[in-house]
Every structure is written in structure tokens, then in C-alpha cells.
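Trainee: sequence below, structure please.
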Amino acid sequence: MTKTKTHFALRKAFLLAASGMMLPLGGTAFAQDSGTAVEEGAYGDIIVTAQRRAELSRDVPISLTTISSDDLTKANITDTTGLEQLTPSLKLDRQGNFTAPALRGISGTVTGPAMDNNVAIYVDGVYMPSTTAGTFDLPDIERVEVLKGPQGTLFGRNATGGAIQVITKKPQYTAEGLFSASYGRFDDVFVKGYVSAPVVDDKAAISLSAYYHRSDSYYKNLRPDSSLDGEESWQIRGKLRWNPAPNLEMLFSAAYGERSETFAIYGTPVNGNTLTRLLDPNAIIPSKPYEAALNDEVAPQKNKSLDISGRIELTLDAGTLTSTTAYLTRDMSNGLDSDMSYSPLGLSVVYFPHTFDQSFSEELTFASDLDGPLNFTLGASYVDGKGGWNPLSVDSPGVANDVTIWSTQKIKAFAAYGEAYFDLTDRLTLIGGLRYSWEKRSLEGNGVFGEIFAPDPGQLHVATKSWDSITPRASIKYEVTPTSNVYFTYSQGFKSGVFNSNNPFTVLFGLEPDVVNPEKIKSYELGFKGRMNSVLSLEMAGFYYDYTNLQTTIITIVGGAPLSVLRNAKAARVYGLEADASLRFSDMFDMRFAGAWVDAKYKNFQDTAINVPCTDYNVPCGTDGPVPTLGGNGTVPFDASGQRMIRAPKFTGTVTANGHVPVGGGKLDLTASVYYSTSVSYTLDQRIKQPSFAKVDARAAWSPDDSGLTFSVYGKNLTNKAVYAGAFITPVADAVHWAAPRTYGVQVDYRF
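Mentor: Have a look, this model is predicted:
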């Protein structure tokens with residue numbers, strides 16, 4: 001290859017590595033009470049706080065999935081990425097330290113510090129800002145609530161797709177605890193514990209939870225002279241509950257954890273497509289699932305998290321006033337081998353020595369409890385945060401001082417909301433609410449460009465912008481029987497605009513700092529919820545979304561080079577059907593059937609671009625014609641209008657069966673489940689797809705009577721399906737990351 005062509009290839013790799021490769025997960029560059037969820041009456045009557053007040057799940061006119069701690073245990077789910085197997089229409093893909101949930105086809109490709117998801121995540125009522133806060137272990141969980149559809153009023157900040165509420169255990173006034181240890185394939189060790197005890201009877205109680213998790217890598221190393229790092233994480237959380245008066249409760253929580261993992265580092269170029277192949281014919285290039293070959297400089301990603309929060313709850317005759325205050329930090333570092341292969345001539349290694357996110361938040365809510373037909377919820381919230389790279393660096397052998405980026409994006413957000421509930425008759429309820437949202441963002445960033453961009457020294461970019469919106473929600477609910485109802489809900493969602501804190505190159509080419517305007521969505525949903533009899537509980541919903549200004553990451557050509565930038569796609573539409581049926585045939589056997597059919601398409605998404613392998617003709621790959629071997633991608637214009645939205649499978653479903661049998665002086669619990677998904681596309685042109693797949697999991701647990709002990713064996717992905725857990729499609733490589741293959745293990749639990 002000529003020096004000019006090599007220089008072009010390196011320049012392209014550097015631009016994409018620094019400006020976009022930390023961004024996409026699959027684009028073109030791509031409640032009030034945190035207490036116990038209880039059963040009330042018959043099977044399926046679960047208390048939730050989806051409307052910031054304790055209610056039966058079936059009485060809430062919102063499509064939602066509630067996952068209990070027992071559900072998590074039976075499915076052997078230990079972190080948030082496993083929630084999708086219990087929630088049809090939810091998909092959780094990852095790219096390094098960043099997580100982007102997709103719900104009913106609504107997802108984001110905009111990831112990075114100070115850049116929020118389309119599906120909001122809350123832990124104990126505290127909003128988790130940024131895509132850096134989406135992946136964490138679940139050691140002391142009471143329940144998880146997945147609220148589907150835009151949350152126009154009560155949980156409306158950056159929730160165009162929905163919201164995920166994680167509720168952890170609250171200290172109790174009776175002593176209780178749990179200790180658990182498991183060992184599985186790949187030397188997977190998971191140990192956790194939870195203890196709660198009273199300090200002063202009915203006045204003060206404390207709890208302490210902790211976990212430790214480590215595992216070897218499930219990737220095969222193609223380099224015999226190097227080793228692959230595994231994963232290791234731990235966290236400790238302490239809580240203090242204080243009731244100085246019968247109507248006043250204070251709950252203080254502090255959690256600190258560390259996580260070291262290699263998820264984003266290990267990947268496989270699809271069909272061996274990586275630019276390294278052109279630069280070095282002798283490069284070691286992975287080609288099969290679970291293969292990896294990396295440059296020596298790549299280090300595991302490390303994540304440190306600190307969460308401090310306080311909640312004060314005052315119960316009055318007219319209702320409950322709640323204040324929630326929180327301070328959160330995330331500090332991360334890691335490296336990324338951009339071409340997912342090994343060569344002494346390696347293209348580039350991206351370093352993230354310090355990625356950070358910080359936020360302070362305060363929220364006040366008042367939930368009325370009046371005797372008459374009218375009740376209401378009022379609230380206001382404030383967020384002050386920032387995040388960025390300090391710095392981000394790109395290095396390559398033989399090139400000095402390649403690229404270094406510093407950027408900080410600051411956020412100030414305010415919202416005020418109200419919602420009223422009026423019982424027009426004993427059976428008919430009307431609900432209406434409004435939310436006002438205001439968000440201001442400012443960006444300061446600089447890029448220093450070395451030899452590959454000489455003589456440009458980099459330019460400072462500074463920008464500030466604010467947005468506001470009013471989003472309504474209106475519902476009508478009719479009680480068909482005392483245990484069933486139908487509802488219709490109209491709601492709107494708003495996701496704030498955002499700067500691209502990852503990309504200083506727009507300034508390099510004389511453009512304004514990269515920014516996108518807010519997303520907006522209108523939702524129409526008709527649903528049914530009911531406990532039909534002592535056996536069957538059923539929920540069904542049909543929905544339609546009108547989705548505009550989708551925030552996306554795309555490839556565009558600037559100054560003759562491909563850049564990963566943010567853009568608003570003009571419009572999309574989504575509609576679908578969901579059903580969730582739980583059947584309790586007896587105390588010894590129950591089943592759950594749940595499924596979601598979603599049709600999600602871009603209506604108007606012109607002037608974008610896609611990556612096409614350089615072996616195709618008429619692709620600008622920096623050569624005089626098509627190259628003879630597969631080696632990276634060229635960038636060509638593309639109109640995605642009419643295409644299926646990325647990360648939006650047409651159908652997902654799960655079937656779970658639980659058996660409970662008295663055996664040998666104890667109880668034997670048997671669980672088997674199947675999760676199925678149709679194909680999932682990670683590119684606008686549907687070129688990179690995860691084929692349809694089914695995963696089978698099983699668990700057997702025996703609990704001796706009156707012992708508090710449980711002994712169990714488990715197996716996950718028993719059919720050993722190779723499934724994408726994320727994709728990284730750039731001009732440098734078609735790289736995918738793999739979810740775990742078949743795993744199995746043993747576990748022992750002790751409860752008191």
C-alpha cells in the first residue's frame with residue numbers, strides 16, 4: 001500500500017476512533033415508597049409505585065412489568081443487563097462503560113458522559129444521569145418496575161421510551177438477613193450479603209448490603225503470548241431508617257462500588273472485516289464468536305461509583321410530602337483497540353484515562369390522600385451535573401502525540417409537574433397531568449492534534465444552549481370487574497437536546513460545536529389489566545407512537561474525512577401489541593407467557609450515511625478502486641426512510657414454568673424458561689444483523705424445612721447460542737461483542 005493510502009487509512013481510523021468509536025451501540029457509526037412489594041389477596045396482586053403512590057399494579061393505567069427479587073433469583077439475574085429476558089420489548093445493549101436500553105423500539109445511539117438515555121433509570125427514586133450509569137449489579141433488590149412508553153409527567157425527564165425503577169431493600173424493625181454464594185463456569189464467583197436490624201424499637205433501623213463478583217473471560221485468546229483479563233466488581237451499601245415521629249420517616253443511603261471488566265475490549269470483526277487486514281496481511285484477526293486478539297496497550301475498563309441519597313417523608317392528614325436529595329459520581333478509565341485485531345502496526349488504541357459524571361439532584365413531591373373523588377400529585381425537581389473526558393487519547397505506533405481531547409458538558413435542569421385523579425363514578429376514573437421541563441447545557445472542549453493532523457494545534461469550542469417543553473398525560477380507566485379494568489392513555493415525552501462532548505473535530509473543519517435538538521414523542525395506548533380468577537392474571541396493550549427529532553449518531557463526510565456526528569432524524573413511527581399472562585394452576589405449579597410484537601420504522605431519515613465494506617465497487621475507501629481483500633468500510637450517503645429502526649426486534653417473548661414439590665423433608669423448586677427474539681439490526685441498511693435466536697435457562701433449588709437454607713444448581717443459555725450483546729460498526733471495523741455462552745453453576749443461600 002502506498003504511503004498516501006496508508007496515511008489516509010490512518011487518518012480515517014483516528015477520526016473515527018476519537019470522535020465516534022466511544023459513542024454508538026449500533027447506529028450507522030454506530031415511589032413514593034421504596035418499601036416491600038407485597039402480594040395482596042390472590043396471585044398477581046402486586047403493589048407498585050409507578051404513579052409515585054402505592055397502588056395495585058393492575059390499577060395503574062400504564063403498561064409495566066414488575067420483577068420481584070424472587071424472580072431475579074429464579075432467573076439467576078445478577079445485573080441490569082439480564083432484565084431483558086424477563087421483559088419482552090426491552091433490550092439492553094452495551095458499549096464499554098455505556099449502556100443504552102431500548103424499549104418498544106425506542107433507543108439511543110448517543111452515548112458518552114453527560115449524555116442521557118431514552119429510557120430513564122431510577123434507583124430508589126433517584127434519577128441516574130448519563131449512559132455511564134446503566135449497568136450495575138443487583139445484590140439487595142426488592143423489585144424492579146419497567147414502565148413502558150413515554151412518561152409524560154411523573155417520571156418524564158428524558159423518558160421518551162419509558163423508565164426503569166430499581167427499588168432496593170429498606171431497613172426493617174425486625175432482624176433479617178440473606179447470605180448467598182455461587183460458583184460457576186469460567187471460575188465465576190458471586191458472593192452477596194444483606195443484614196437489617198433495629199437500633200431503637202420502632203424508631204431507628206440500619207441495613208448493610210455488600211457483594212463481590214469475579215469471573216474469567218469467556219473469550220479465546222488468539223495470541224499465545226498474552227492473557228485476557230476477566231471481570232471483577234464489588235459494592236457496599238449502608239442505610240439508616242429513622243422515625244423520630246409516627247408520621248415522619250427519614251431514610252439515608254450511601255453506596256460505593258468498583259467494577260473492572262473487559263466487555264468493550266474484546267470483540268470480533270464480522271467476517272474478519274477490519275482495516276488492519278489492509279495494513280498488515282499477517283495480522284491476527286478474530287473471525288469466530290468468543291475470539292479476541294488485541295494490542296498489548298489495551299487495559300480493562302474500571303468504573304468507580306459513589307451514590308449518596310436522603311429521603312424525608314412526612315405524612316399529613318391530606319397526603320404525603322417527600323423530599324429526595326442525591327449526589328452521584330462515576331469515574332471511569334479504560335482502553336479500546338479500535339480495529340479489534342492484533343498487529344505490530346496496530347491502527348490505534350483509544351485511551352480513556354478519566355471519564356467522569358457527577359450530579360446533584362433534589363426532588364419534592366406531594367401525593368394527596370383525600371376521602372373524596374379527587375386526588376392529585378404535585379412535584380418539582382432540580383438537577384445540577386457535569387461529565388466529560390479528562391482526557392481522551394488516541395495513540396498508534398510510529399505516530400507521535402496523535403489526538404488528545406478534553407471536554408466537559410455541564411447540565412442544569414428544572415421541572416415542575418402535577419397530575420390529578422378524579423373518580424367520575426365508582427368505576428370510571430379520569431387522570432390528567434402536565435409537566436414543564438427546562439434544561440440548559442454548556443460545553444467546553446479542546447482537541448490537540450499531533451503528527452497525523454499537523455500543523456493544526458486544535459481549537460477550543462465553547463457553547464451554551466437551553467430548551468424547554470410542556471408534556472401532558474391523560475388517561476381514562478374503567479373498572480370492568482372489581483379485579484379488572486380497561487384504560488386508554490395519551491402521553492407525550494421529551495428528551496433534552498445535547499452537545500456531542502466526544503467530538504471536537506467539527507471545530508477543526510470550521511463548523512459549529514455538534515449539537516442536537518430535543519426528541520419528542522406522542523403515545524396512544526389502549527390496554528386491559530385483570531385478575532380473571534384464582535388461576536389467571538392477564539395484561540394486554542396496543543400502542544402507537546409518533547416520534548420526531550430522533551437523536552442519532554451518524555457518519556458524514558467533512559473535509560474529505562468521515563466524522564461521527566449527532567443528527568436529528570426527522571420522524572419515525574412505532575406501533576405494536578403486548579400480552580403478559582400469569583397462570584397459577586396450583587400451589588405446586590405456575591407459568592408465565594409474555595410477548596411483544598413491535599413494528600418500528602423511520603418515516604423520514606434522509607441525508608445520513610452508512611458503512612459499506614471496501615470490497616464493494618464504487619465505495620470511497622481511499623483507493624483507486626475496490627480493494628482485493630476485506631479491509632474496513634467506506635462511507636456512502638443513505639436514505640434510511642422506510643427502514644426498520646435499529647435494535648428493534650419485531651417479536652420478543654418469554655415462557656417460564658415453575659414447579660414446587662415437597663421432597664426429602666424440604667421443598668424442591670424447579671424453574672425453566674425460554675426467551676425468543678426475532679432478528680435485530682445494528683445498522684440502518686440492515687447489513688449487520690443478529691439472527692433470530694432462543695435462549696434456554698433452568699434452575700433447581702432444594703430448601704430443607706425450617707432451615708433458612710437453599711441449595712441450587714443453574715444453567716443459562718443451555719443451547720449455547722452465540723448472541724450479540726452490542727455492535728460497533730465504523731469505517732475501521734464491523735465489530736460485535738458477544739453475550740456469554742453456556743454457563744452453569746451451583747449456589748447456596750441462607751435467610752433469616
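Trainee: neighbours around Tyr490, how many?
Mentor: Neighbours of Tyr490 under the rule other CB atoms under 10 Å: 15. (Glycine included, C-beta is placed from N, CA and C.)
Trainee: the closest residue to it other than its chain neighbours: neighbouring residues, count only.
Mentor: Distance criterion CB to CB, 6 or more residues apart in numbering; nearest residue to Tyr490, sequence neighbours excluded, is Ala474 at 5.0 Å. By other CB under 10 Å, 18 other residues sit near Ala474.
Trainee: so Ala474 is in which element?
Mentor: With secondary structure defined by DSSP states H and E, Ala474 is part of strand 460-481.
Trainee: can you pull the buried residues of that strand?
Mentor: His461, Ala463, Lys465, Trp467, Ser469, Thr471, Arg473, Ala474, Ser475, Ile476, Lys477, Glu479 (16 or more other CB atoms under 10 Å).
Trainee: now render the residues you listed as a markdown table, adding pLDDT and distance to Pro88.
Mentor: Listed next are the buried residues of strand 460-481 as a markdown table, based on pLDDT from 0 to 100; distance: CB to CB, whole Å:
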| residue | pLDDT | distance to Pro88 |
| --- | --- | --- |
| His461 | 73 | 43 |
| Ala463 | 85 | 41 |
| Lys465 | 93 | 37 |
| Trp467 | 96 | 33 |
| Ser469 | 95 | 30 |
| Thr471 | 96 | 26 |
| Arg473 | 95 | 24 |
| Ala474 | 96 | 26 |
| Ser475 | 97 | 23 |
| Ile476 | 97 | 26 |
| Lys477 | 97 | 23 |
| Glu479 | 96 | 26 |
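Trainee: out of those, which is nearest to Gly108?
Mentor: Closest approach to Gly108 among the buried residues of strand 460-481 (CB to CB): Trp467, at 16.6 Å.
Trainee: pLDDT of the helix or strand where Glu232 lies, averaged?
Mentor: When elements are assigned from DSSP H and E, Glu232 belongs to strand 231-245. Strand 231-245 carries an average pLDDT of 95.
Trainee: quick one: strands adjacent to it?
Mentor: Sheet pairing of strand 231-245 (DSSP bridges) gives strand 204-215 (antiparallel), strand 248-261 (antiparallel).
Trainee: which among those is found nearest to Asn717?
Mentor: strand 204-215 (14.6 Å).
Trainee: what does the closest one contact?
Mentor: Strand 204-215 has contacts (CB atoms under 8 Å, 6 or more residues apart in numbering) with 78, 137, 139-140, 168-173, 184, 186-199, 230-243.
Trainee: filter those to the buried ones?
Mentor: Here, 16+ other CB under 10 Å leaves 78, 137, 139-140, 168-171, 173, 184, 186, 188, 190-196, 198, 230-235, 237, 239-243 buried among the contacts of strand 204-215.
Trainee: give me the neighbour count for Val661.
Mentor: Counted with other CB under 10 Å, the neighbours of Val661 add up to 12.
Trainee: for it, give the beta-bridge partners.
Mentor: Leu668.
Trainee: relative to Ser586, how far out is it?
Mentor: Distance of Val661 to Ser586, given as CB to CB, to the nearest Å: 11 Å.
Trainee: which SS state does Leu278 fall under?
Mentor: helix (DSSP: H, G, I helix; E, B strand; the rest coil).
Trainee: do you know how far the closest residue to it other than its chain neighbours is from Ser227?
Mentor: The spatial neighbour of Leu278 that comes closest, neighbours along the chain excluded (CB to CB, 6+ apart), is Gly631 at 3.5 Å. Gly631 is 28 Å from Ser227, where distance means CB to CB.
Trainee: same thing with Thr66?
Mentor: Distance from Thr66 to Ser227, by CB to CB: 42 Å.
Trainee: same check on Arg143?
Mentor: From Arg143 to Ser227 the distance is 40 Å (CB to CB).
Trainee: which of the two has more neighbours?
Mentor: Using other CB under 10 Å as the criterion, Arg143 and Ser227 rank with Arg143 on top: 25 against 10.
Trainee: hmm, the more buried one is touching Thr65, no?
Mentor: No: using CB atoms under 8 Å as the test, Arg143 is too far from Thr65 to be in contact (10.5 Å).
Trainee: where do the strands sit along the stretch 101-250 of the chain?
Mentor: 119-123, 126-127, 141-148, 162-168, 176-184, 188-200, 204-215, 220-221, 231-245, 248-261 (DSSP state E, counting those that start in this stretch).
Trainee: element containing Phe585, please.
Mentor: Counting by DSSP H and E, Phe585 is found in strand 561-586.
Trainee: same for whichever helix or strand comes after that strand, what does it pack against?
Mentor: The helix or strand immediately downstream of strand 561-586 is strand 589-604, counting by DSSP H and E. With contacts defined as 3 or more CB pairs under 8 Å, 6 or more residues apart in numbering; DSSP states H and E, strand 589-604 has these neighbours: strand 561-586, strand 651-663.
Trainee: can you list those in CSV and add distance to Thr671 and mean pLDDT?
Mentor: Shown next, in CSV, are these (distance: least, CB to CB, whole Å; pLDDT from 0 to 100):
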stretch, distance to Thr671, mean pLDDT
strand 561-586, 14, 89
strand 651-663, 5, 96
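Trainee: and those strands, which is most packed in?
Mentor: Mean neighbours per residue, mean count of other CB atoms under 10 Å, is largest over the helices and strands packed on strand 589-604 for strand 561-586, with a mean of 20.
Trainee: now the angle between strand 651-663 and it, please.
Mentor: On the basis of axes from the mean of the first three to the mean of the last three CA atoms, to 10 degrees, strand 561-586 is oriented at 40 degrees to strand 651-663.
Trainee: mind checking how far strand 561-586 is from the chain centre?
Mentor: In this view, strand 561-586 has its centroid 13 Å away from the chain centroid, taken as CA atoms, centre = their mean, to the nearest Å.
Trainee: show me what it is packed against.
Mentor: Judged by 3+ CB pairs under 8 Å, 6+ apart, the packing partners of strand 561-586 are helix 3-19, helix 505-508, strand 515-516, strand 536-558, strand 589-604, strand 608-613.
Trainee: which of the ones you listed has the lowest average pLDDT?
Mentor: Among the helices and strands packed on strand 561-586, helix 3-19 scores lowest, with a mean of 42.
Trainee: how far out from the middle of the chain is the next helix or strand after that helix?
Mentor: Downstream of helix 3-19, the first helix or strand assigned by DSSP H and E is strand 47-48. Centroid separation for strand 47-48 versus its chain: 23 Å, with CA atoms, centre = their mean.
Trainee: sheet partners, orientation included, of the following helix or strand past strand 47-48?
Mentor: Beyond strand 47-48 on the C-terminal side, the first helix or strand identified by DSSP H and E is strand 55-56. Neighbouring strands of strand 55-56 in its sheet, by DSSP bridges, are strand 47-48 (antiparallel).
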